[in-house]
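Chemist: Test case, fold it:
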Amino acid sequence: MSLTTLTDKVVVITGAGSGIGRALALRSARAGALLALSDWDRDGLAETVALAEQAGAAKVRQDVVDVSDRAAVATWAAGVVEELGRVNLVVNNAGVSATGDFSDLTYDDLDWIVGINFWGVVHGSKEFLPHLVASGDGALVNISSLFGLVSVPGQSAYNATKYAVRGLTEAIREEMLVNRHPVTVTCVHPGGIRTGISRHGRKAAGLDAARIDALFEKKLARMSPDRAAEIILDGALAGKPRVLVGLDAHLIHQFGRIAGARYQDVVARLAARTR
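Modeler: Below is the predicted model:
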């Protein structure tokens with residue numbers, strides 16, 4: 001069996017305190033799901049919970065969780081199953097950004113982004129996957145990025161984590177197929193979505209943070225989180241292996257496929273003009 005509805009299903013979402021995570025929670029609530037939400041931001045999470053309850057969620061469990069903390073995610077997963085009895089859909093959505101040339105990023109920056117963007121997805125997938133299998137109609141959704149399909153200068157660490165999420169997710173999907181487990185696996189590649197990921201991310205020393213945030217929010221982030229959430233949930237319920245979110249994601253992905261490795265030369269030339 002595969003997941004085809006969210007009505008009376010248990011939906012787990014990380015990074016639910018804002019942005020795409022919040023939008024996923026509200027859409028799932030309106031669809032009749034029971035929610036298990038986590039975020040590191042207690043206030044943002046509480047606001048999402050209140051909105052989800054207003055939207056008609058049958059039940060909402062909230063946990064303040066640092067997804068980079070393996071023990072914390074394990075404890076959270078066990079608590080969710082103990083309270084709600086099952087897990088049908090998991091969306092590993094929590095993510096952060098670190099902007100700057102690789103030579104300018106610190107090891108602390110690298111540890112931080114890898115811990116959340118990659119290990120957070122590993123932890124969420126590892127701890128919840130057995131419960132998805134046991135549900136009989138499970139769906140695992142991991143959020144990569146357009147930058148998990150093509151690379152850009154100034155985003156080396158972000159690129160690395162999002163490519164890693166893609167590789168992990170596609171391999172898990174293959175394993176579910178090989179073992180005939182009732183779990184669909186979807187890797188999501190959003191383009192520019194109007195979230196606070198740039199504003200709340202880290203920047204290497206010497207960069208103009210305000211300029212970087214303004215460029216992202218005014219020029220690149222075209223799609224609303226709600227529309228992104230709609231596309232993601234539709235893709236998950238259809239069991240799609242890959243979901244591209246946004247016209248920019250589709251166009252740049254196709255450009256990368258057509259140009260091959262030479263797309264890097266084009267991107268480098270364009271980036272040089274903005275410095």
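
Chemist: Give me the contact list for stretch 151-169.
Modeler: Contact with stretch 151-169 is made by 95, 97-102, 105, 109-110, 113-114, 117-118, 121-122, 125, 140, 142-145, 147-149, 185-187, 189, 264, 267-268, 271, as judged by CB atoms under 8 Å, 6 or more residues apart in numbering. C-beta: built from backbone N, CA, C; applies to glycine.

Chemist: Neighbours of residue 92, how many?
Modeler: Neighbour count of residue 92, defined by other CB atoms under 10 Å: 28.

Chemist: Also residue 113?
Modeler: Counted with other CB under 10 Å, residue 113 comes out at 22.

Chemist: element containing it?
Modeler: helix 107-113 (DSSP states H and E).

Chemist: Which of the contacts of stretch 151-169 fall within strands?
Modeler: Taking DSSP state E, the ones among those that sit in strands are 98, 99, 140, 142, 143, 185, 186, 187, 189.

Chemist: I'd like to know which of those residues is nearest to residue 238.
Modeler: Residue 238 has its nearest neighbour among those in residue 186, at 8.7 Å by CB to CB.

Chemist: Next one: the nearest residue to that closest one once chain neighbours are set aside, what pLDDT does it get?
Modeler: Among residues not flanking residue 186 along the chain, residue 141 sits closest, at 4.7 Å (CB to CB, 6 or more residues apart in numbering). For residue 141, the pLDDT comes out at 98.

Chemist: my read: residue 141 touches residue 121, true?
Modeler: No: if you go by CB atoms under 8 Å, residue 141 and residue 121 don't touch, sitting 10.3 Å apart.

Chemist: Could you tell me which residues touch both of those two?
Modeler: residue 92.

Chemist: Could you look up the SS state of the nearest residue to residue 237 once chain neighbours are set aside?
Modeler: Leaving aside its chain neighbours, residue 237 sits nearest to residue 4 (5.8 Å; criterion: CB to CB, 6+ apart). Here residue 4 is coil, with the state taken from DSSP: H, G, I helix; E, B strand; the rest coil.

Chemist: Repeat that for residue 36.
Modeler: strand.

Chemist: quick one, what contacts it?
Modeler: With CB under 8 Å, 6+ apart, residue 36 has these contacts: 10, 11, 12, 13, 61, 63, 80, 84, 87.

Chemist: quick one: low-confidence ranges for the stretch 151-275 of the chain?
Modeler: Counting by pLDDT under 70, the stretch 151-275 of the chain shows low-confidence ranges at 275.

Chemist: Please enumerate the helices of it.
Modeler: With DSSP state H, counting those that start in this stretch as the criterion, the stretch 151-275 of the chain has helices at 156-178, 209-215, 225-237, 247-259, 263-272.

Chemist: Residue 250 - how many residues pack around it?
Modeler: Using other CB under 10 Å, residue 250 has 14 neighbouring residues.

Chemist: can you pull the contacts of it?
Modeler: Residue 250 sits in contact with residue 244, where contact means CB under 8 Å, 6+ apart.

Chemist: Can you tell me how far it is from residue 267?
Modeler: 17 Å (CB to CB, to the nearest Å).

Chemist: what's the answer for residue 60, then?
Modeler: Between residue 60 and residue 267 the computed distance is 42 Å (CB to CB).

Chemist: Of the two, give the one with the bigger neighbour count.
Modeler: Neighbours were counted for residue 60 and for residue 267 using other CB under 10 Å; residue 60 has more, 21 against 18.

Chemist: Then the more buried one would be within a helix, right?
Modeler: No: according to three-state DSSP, residue 60 belongs to no helix; its state is strand.

Chemist: So in terms of bridging, what pairs with it?
Modeler: As for beta bridges, residue 60 partners with residue 35 under DSSP bridges.

Chemist: before we move on, the earlier item: so what touches the helix holding residue 113?
Modeler: By CB under 8 Å, 6+ apart, the surrounding residues in contact with helix 107-113 are 96, 97, 98, 100, 157, 158, 161, 202, 204.

Chemist: Dump the helices of the stretch 151-275 of the chain into JSON lines; add distance to residue 43 as well.
Modeler: Output for those, formatted as JSON lines (distance: least, CB to CB, whole Å):
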{"stretch": "helix 156-178", "distance to residue 43": "25"}
{"stretch": "helix 209-215", "distance to residue 43": "21"}
{"stretch": "helix 225-237", "distance to residue 43": "18"}
{"stretch": "helix 247-259", "distance to residue 43": "31"}
{"stretch": "helix 263-272", "distance to residue 43": "36"}
